[in-house]
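Colleague: Fold the following and give me the result.
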Amino acid sequence: MKTVELAIVMPIYNEAANIENVAGEWLQELNRLGISFELLAVNDGSRDGTSEVLKKLAAQYPGIVVPIEKANAGHGLACRTGYSLAVARSADWTFQIDSDGQCDPQFFADFWKGREAVDCVFGVRKTRDDGFSRVLISAACRALTSLATGMDLKDLNVPYRMMRTPVLKEALLKIPDDFDMQNVALTLTLKRNAALRWKYVPIHFRDRQGGTNSINIRRILGMGWGLLVNLHRIKR
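Modeller: Now for the predicted structure:
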């Protein structure tokens, strides 16, 4: 297996309406930048025809779009599956985005530029189209985790993040495989490593391009409480 510069981890659940367009716009931008990459499309037990769309994309882009089928276990554990695969495939960098079209490829050139001087490049959602309630939830999560950890994790669960894969590999060793909010746990683990060099890129977060959001506010708040209760499980 040829090592690529970039492994893209994309957790997917019931995104048959979105995924072809989302993958297409990202492939176009990455090809424009001349990056060698593969898209690890982690299908988290979708029930709406997502599997068939991914098979079509894999046939259209062999060796680039790599569908991974798994039983439904939620967004965080789908991310973990993708992260672990990126590590196993020894990509130079691992980049995680979501599959609903909210992650705009136009900001990625700023991520890729100057990467050699840093270890982690994270987006910070300065503006958003997905509703004021989401803004409030993100702000509350930031405040609570800052209080609990003594660190400002900024946009702690942003699904627009790039890490050197060896750095990611080391961080995953400290996070239990079954930890629900893998994104947040990963941010915390990386920030605890004072030796890592960071870069933050302001991004705009679009509204969903189609499909239905499977995570409601009550569930998000429940997940946030679960995170705070289980923070002790993340190794230092």
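
Colleague: from here on, contacts and neighbour counts on C-alpha atoms
Modeller: Will do.

Colleague: chain center to the lengthiest helix in the chain: distance?
Modeller: Ranked by residue count and defined by DSSP state H, the top helix of the chain is helix 132-149. Averaged C-alpha coordinates place helix 132-149 at 18 Å from its chain's average position (Cα atoms, centre = their mean, to the nearest Å).

Colleague: Kindly format the C-alpha coordinates of it as PDB.
Modeller: Output for helix 132-149, consisting of C-alpha atoms alone and laid out as PDB, is shown next (Å, rounded to 0.1, in the frame of the first residue of the first chain):
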ATOM      1  CA  PHE A 132     -27.900  30.200  17.100                       C
ATOM      2  CA  SER A 133     -28.600  27.200  19.400                       C
ATOM      3  CA  ARG A 134     -25.500  25.500  18.000                       C
ATOM      4  CA  VAL A 135     -23.400  28.600  18.700                       C
ATOM      5  CA  LEU A 136     -24.700  28.600  22.300                       C
ATOM      6  CA  ILE A 137     -24.000  24.900  22.800                       C
ATOM      7  CA  SER A 138     -20.400  25.200  21.500                       C
ATOM      8  CA  ALA A 139     -19.800  28.200  23.800                       C
ATOM      9  CA  ALA A 140     -21.200  26.300  26.800                       C
ATOM     10  CA  CYS A 141     -19.000  23.300  26.000                       C
ATOM     11  CA  ARG A 142     -16.000  25.500  25.700                       C
ATOM     12  CA  ALA A 143     -16.700  27.200  29.000                       C
ATOM     13  CA  LEU A 144     -17.500  23.900  30.900                       C
ATOM     14  CA  THR A 145     -14.400  22.000  29.600                       C
ATOM     15  CA  SER A 146     -12.200  25.000  30.300                       C
ATOM     16  CA  LEU A 147     -13.500  25.000  33.800                       C
ATOM     17  CA  ALA A 148     -13.000  21.300  34.200                       C
ATOM     18  CA  THR A 149      -9.500  21.100  32.600                       C
END
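
Colleague: which parts of it are buried?
Modeller: When neighbours are counted by 16 or more other Cα atoms under 10 Å, the buried residues of helix 132-149 are found to be Ser138, Cys141, Arg142, Leu144, Thr145, Ser146.

Colleague: ok, now stretch 152-163?
Modeller: Of the residues in stretch 152-163, Leu153, Lys154, Asp155, Leu156, Asn157, Val158, Pro159, Tyr160, Arg161, Met162, Met163 count as buried by neighbour count, 16+ other Cα under 10 Å.

Colleague: okay, that stretch in PDB with CA atoms only?
Modeller: Listed next in PDB are the C-alpha coordinates belonging to stretch 152-163 (Å, rounded to 0.1, in the frame of the first residue of the first chain):
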ATOM      1  CA  ASP A 152      -9.000  26.900  26.800                       C
ATOM      2  CA  LEU A 153      -9.700  24.200  24.200                       C
ATOM      3  CA  LYS A 154     -11.100  26.800  21.800                       C
ATOM      4  CA  ASP A 155     -13.500  25.200  19.300                       C
ATOM      5  CA  LEU A 156     -13.000  21.800  21.000                       C
ATOM      6  CA  ASN A 157     -15.200  19.600  18.800                       C
ATOM      7  CA  VAL A 158     -14.700  21.300  15.500                       C
ATOM      8  CA  PRO A 159     -14.900  18.700  12.600                       C
ATOM      9  CA  TYR A 160     -12.200  20.500  10.600                       C
ATOM     10  CA  ARG A 161      -8.900  19.400  12.100                       C
ATOM     11  CA  MET A 162      -5.500  18.200  10.800                       C
ATOM     12  CA  MET A 163      -2.800  16.400  12.700                       C
END
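
Colleague: The residue nearest the centre of the chain: which element?
Modeller: Against the mean C-alpha coordinate of the chain, by Cα atoms, centre = their mean, the closest residue is Gln96 at 3.2 Å. Secondary structure assigned from DSSP states H and E places Gln96 in strand 93-97.
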